[in-house]
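Enquirer: quick one, structure for this:
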Amino acid sequence: TNMAARQSVAMLTVGYTSHRLWADGVAAHSAHDVHVFAVNGEAWKWQLACGAAWFVGDPGDLGNPASPAVTNGSGTGPAAKARASDRHGRNSAHEMEPEGTALFSLPGPGVAAGTNRGLGGVRAGGCTGSSGGSGTGRAEPREGRLDRPLHEYDVVVVDALFDAGLVQALLGRAVAEAQALALPHNAQHIEKPRVVLYFHENQLTTPTAPGDRDVKRGTHWLHGARNLASVLSADGVLFNSETHRADFFAACENLIKGQCRPLLEREHHLALLKRCAQSSGVLHYGLHLDALLPEDVSHRAGLVASGPPVLLWNARLDADKNPDALATLLGILAGKKIPFRLVVLGQDLSVGQQYLSAIKKQCADGQLLFAGFCVTREEYKAWLHKADVLVCTAKHETFGISVVESVHCGVLPLLPQRLSYPELFDTEQFAEHFYTSPKQLPDKLTTLMALAADSDARQERCAQLRVATKRFSWPAMQHKYDLFFTRFGSGESVRHALAPPLPAEPLAELGAVVVTDAADPRVALYSGTVRRRGGGKRQGGKQDTAESDARRWKLHGGRKALRRMARAKALGQRIEVHSVFCTQAIWDALKDDLAAANINTQFIAEKAVVDAVRGQKLNRADCALALVNFPLSHPLESLEGPFLLFDDVRNAENLGSILRTGYCIGVTSVVASPVAWAGLNDTRAARVSMGTMYGCNIHHTPSLEDAIGQLRRRGVKLYGAELTDASKVIHPHGPRGNRQFGLVMGNEYDGLSPKIQALCDELV
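Expert: Below you'll find the model as predicted:
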């Protein structure tokens, strides 16, 4: 991260364990100034509707109940990171707390607002926290106020359990009021923070609780509509997985089709939705995985008494996790007399614990080692290291934190080949670990149980799986978050902010150099300022070198156009290339063609740097530029038919379009009058031609009449494109196979001049 672009970030979240662990993890590991503000998870429908209003406004005016409902904290520096590794007394981060038992973090007595803090666990009625870096102590409940007005941050991350539209509206009002107060003393413009919405889950695809009153009334879709409204109003939208992103937008499409009746309005809303989907992105969770490992990751002996393989269920016992399928699977194992033991890490909140009861019925005495919610993180970690095979039968999942944690601890996973799990592990490399039908479960499970019993094979497989899980560890993820905050806070879109970073080292062996500063003199010729001066003369009549070069080297652009330029040059076309300047993604696509064309000067930069050099925002897909001396006039006698002749066609885009069509039917010899030559030297001609212009041999003639005379003496038959009384219906040139003909096209307004018409063999 370039700390010159250090952003102040406010994260607004609810106290559900997975939400809060994620937010505090960002704060603990980020190089930016990140502050976390959380409210508890009670009355989520109220939080979705109005809860975000709590965070916006003058901190001195915020009221707060006496309960420790809102906390704030920031996370930079080693102290915060050290304390963050001391995990709270909860189960796996994937467990969503029941209403009334949310997780909070309060400062200890020695912590001032704005300092770094670790996590403290809390249940209703009590809390623990970190006391200012001096150990763990009791934290007294206090008013949870923001350390400064929310509009003073650069980036605001809003949990999707809040209404981002409400945040935007209140921020807009706060900024307007602050601006009005500042104007008499300071004319500086106050920028509104950029708001990014982060989806842990959504209200359209998340299963509803049995007996939910809104489901009974048929109004539950309104909560999903609030999510959609948040998406429409946020500056950017992020999801915790691609599966989640795709499922949400598909559900939104169905919502619009089902609820929006007027067809015209429906199409409008669907178009807006498509645009939002295209601009949204995925930023996976960062997880505290290293803290789960013992010093020797290969050592598992002695963790559990010898005996049958230990199966692990690491999820809530709830309908969306499908624990009935686990009970059925255990019954099959018991029927086949396949020995096993079982650990269930997750609470059963159903009436009469119906799911756990069904599981217990399939277990003999001593087979169920543990069932319930781990009180401490250490207890949770210990059970993970005692397990052999993780069984997952989920019907709904947006990421799979508990799966990643389990696998990182050496548990072999058995997963459905759907939901978000193929994002976590490659389905081809780890085919043994995926099933596509419930019928495959017993056989797949027994195969993995056998693998778990083979110490060497298991160790090798676990090492391969751990490579996949490490992608989600905070050391691997923190730079992605920091780069995102840097770019998004600087005004880039979500998709642009998530683009891979450039390599730290110059790619000299491939002829490419990374440019990090828009003022780098090596790319000065790409500057919009230099090119606008374009060869004007200095005092005394002397021409500036850069301006002179700017006249010689024309700025061409477009990914497809530059690819065809490089390929044409590699095939021997006369094209002089000074250099190429593009983003990493486009360079990756073009580097082989550039090397084949012997284009050795290549500059790579972040899109923001390219934009700054040009002085304008470029389309990301076509952020590819080249300084080119082209077209270069070819001798007329070197050109072969068929021919395309331009009689004062003026518009560069028209010329490019005609050249593209001609090239596609095999016409590559072009004769241009002085007016047309000027149009062909306009870089828009090459761009509109989609680079086909680079494959054309172009002759610049001062007199089109003389050029036509030379061609006719060579036996070339010329057709003039002009609508007159003498014009004929267009017809095939003959005899078949004869290529000695040409088409003459005239000016957009005046058409062919009378002199040129008289020189043509036919008008068509």
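
Enquirer: what segments of the stretch 251-400 of the chain are strands?
Expert: Listed in chain order, the strands of the stretch 251-400 of the chain (DSSP state E, counting those that start in this stretch) span 281-282, 310-313, 341-345, 368-372, 389-391.

Enquirer: and the third one, what does it pack onto?
Expert: Same thing as strand 341-345. strand 310-313, helix 354-361, strand 368-372, helix 377-386 (3 or more C-beta pairs under 8 Å, 6 or more residues apart in numbering; DSSP states H and E). Backbone N, C-alpha and C define where each C-beta goes, glycine included.

Enquirer: deepest of the ones you listed, which one?
Expert: strand 310-313 (a mean of 25; mean count of other C-beta atoms under 10 Å).

Enquirer: could you report the pLDDT at residue 223?
Expert: As predicted, residue 223 sits at a pLDDT of 93.

Enquirer: same check on the one 5 residues further on?
Expert: At residue 228 the predicted local confidence, pLDDT, stands at 96.

Enquirer: turn the helices and strands packed on strand 341-345 into a markdown table, columns for mean pLDDT and distance to residue 710.
Expert: Below are those laid out as a markdown table (pLDDT from 0 to 100; distance: least, C-beta to C-beta, whole Å):
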| stretch | mean pLDDT | distance to residue 710 |
| --- | --- | --- |
| strand 310-313 | 97 | 85 |
| helix 354-361 | 96 | 90 |
| strand 368-372 | 95 | 94 |
| helix 377-386 | 94 | 84 |
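
Enquirer: nearest to residue 157, out of these?
Expert: Residue 157 lies closest, by C-beta to C-beta, to one member of the helices and strands packed on strand 341-345: helix 377-386, at 24.9 Å.

Enquirer: dump the C-alpha coordinates for the closest one into CSV.
Expert: Extracted C-alpha coordinates of helix 377-386, given in CSV (Å, rounded to 0.1, in the frame of the first residue of the first chain):
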residue,chain,number,x,y,z
ARG,A,377,-11.4,-20.9,21.3
GLU,A,378,-8.9,-23.3,22.7
GLU,A,379,-11.5,-26.0,23.2
TYR,A,380,-12.8,-25.4,19.6
LYS,A,381,-9.2,-25.7,18.3
ALA,A,382,-8.6,-28.9,20.2
TRP,A,383,-11.6,-30.7,18.8
LEU,A,384,-10.6,-29.7,15.2
HIS,A,385,-7.3,-31.4,15.7
LYS,A,386,-9.0,-34.6,17.0
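
Enquirer: can you name every helix or strand that it contacts?
Expert: By 3+ C-beta pairs under 8 Å, 6+ apart, helix 377-386 packs against strand 310-313, strand 341-345.

Enquirer: show me what the closest residue in space to residue 371 that isn't next to it in sequence is bridged to.
Expert: Leaving aside its sequence neighbours, residue 371 sits nearest to residue 344 (C-beta to C-beta, 6 or more residues apart in numbering; 4.0 Å). Beta bridges link residue 344 to residue 313, residue 371, judged by DSSP bridges.

Enquirer: before we move on, what about residue 763?
Expert: residue 720.

Enquirer: would you check that it makes contact with residue 719?
Expert: Yes. With contact defined as C-beta atoms under 8 Å, residue 763 reaches residue 719; the gap is 7.5 Å.

Enquirer: between the two, which is the more surrounded one?
Expert: residue 719 (22 against 17; other C-beta atoms under 10 Å).

Enquirer: share the number of residues neighbouring the nearest residue to residue 308 once chain neighbours are set aside, please.
Expert: Nearest residue to residue 308, sequence neighbours excluded (C-beta to C-beta, 6+ apart): residue 339, at 3.7 Å. Counted with other C-beta under 10 Å, the neighbours of residue 339 add up to 12.

Enquirer: about what we covered before: compare the strands of the stretch 251-400 of the chain and give me the one nearest residue 513.
Expert: Residue 513 lies closest, by C-beta to C-beta, to one member of the strands of the stretch 251-400 of the chain: strand 281-282, at 28.6 Å.

Enquirer: tell me the strands beside the closest one, with direction?
Expert: According to DSSP bridges, strand 281-282 forms sheet pairs with strand 236-239 (parallel).

Enquirer: what mean pLDDT does the partner strand have?
Expert: Rounded mean pLDDT across strand 236-239 is 97.

Enquirer: same question for stretch 713-725.
Expert: 93.

Enquirer: who are the neighbours in contact with residue 610?
Expert: Neighbour list for residue 610: 526, 581-583, 618, 623, 625 [criterion: C-beta atoms under 8 Å, 6 or more residues apart in numbering].

Enquirer: turn the helices and strands packed on strand 341-345 into CSV, including distance to residue 37.
Expert: As requested, the helices and strands packed on strand 341-345 are exported to CSV (distance: least, C-beta to C-beta, whole Å):
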stretch, distance to residue 37
strand 310-313, 34
helix 354-361, 35
strand 368-372, 32
helix 377-386, 24
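
Enquirer: can you tell which of these is closest to residue 726?
Expert: That would be strand 310-313 among the helices and strands packed on strand 341-345, by C-beta to C-beta, at 88.0 Å.

Enquirer: return the list of helices and strands in contact with that closest one.
Expert: In terms of contacts (3+ C-beta pairs under 8 Å, 6+ apart), strand 310-313 is packed against strand 341-345, helix 377-386, strand 389-391.

Enquirer: relative to residue 196, which of the ones you listed is closest?
Expert: helix 377-386 (29.3 Å).

Enquirer: how far out from the middle of the chain is the closest one?
Expert: On the basis of C-alpha atoms, centre = their mean, to the nearest Å, helix 377-386 sits 34 Å off its chain's mean C-alpha point.

Enquirer: wait, what's in contact with the residue nearest to residue 634 when sequence neighbours are not counted?
Expert: Leaving aside its chain neighbours, residue 634 sits nearest to residue 697 (4.7 Å; criterion: C-beta to C-beta, 6+ apart). Going by C-beta under 8 Å, 6+ apart, residue 697 touches 573, 634, 638-639, 668-670.

Enquirer: buried members of those residues into ChimeraX, please.
Expert: Here is the ChimeraX command that selects the buried residues among those (16 or more other C-beta atoms under 10 Å):
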select :573,634,639,668,669,670
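
Enquirer: next step: the contacts of residue 697 restricted to strands.
Expert: Judged by DSSP state E, the contacts of residue 697 include 669-670 as members of strands.

Enquirer: need the contacts of residue 697 in JSON lines (columns: distance to residue 249 and pLDDT).
Expert: As requested, the contacts of residue 697 are exported to JSON lines (distance: C-beta to C-beta, whole Å; pLDDT from 0 to 100):
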{"residue": "573", "distance to residue 249": "45", "pLDDT": "91"}
{"residue": "634", "distance to residue 249": "52", "pLDDT": "94"}
{"residue": "638", "distance to residue 249": "56", "pLDDT": "92"}
{"residue": "639", "distance to residue 249": "53", "pLDDT": "94"}
{"residue": "668", "distance to residue 249": "45", "pLDDT": "93"}
{"residue": "669", "distance to residue 249": "50", "pLDDT": "95"}
{"residue": "670", "distance to residue 249": "47", "pLDDT": "97"}
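
Enquirer: ok, the contacts of residue 697 vs residue 653, which is closest?
Expert: Looking across those and measuring by C-beta to C-beta, the closest to residue 653 is residue 670, at 16.0 Å.

Enquirer: and the closest one, how far is that from residue 265?
Expert: According to C-beta to C-beta, to the nearest Å, residue 670 stands 50 Å off from residue 265.

Enquirer: swap in residue 463?
Expert: Following C-beta to C-beta, the distance that separates residue 463 from residue 265 is 55 Å.

Enquirer: phi and psi next, for the nearest residue in space to residue 165 that is not next to it in sequence.
Expert: Distances taken as C-beta to C-beta, 6+ apart place residue 233 nearest to residue 165, at 3.7 Å, with adjacent residues excluded. Per-residue torsions, residue 233: phi -100, psi -20 (degrees, to the nearest 10).
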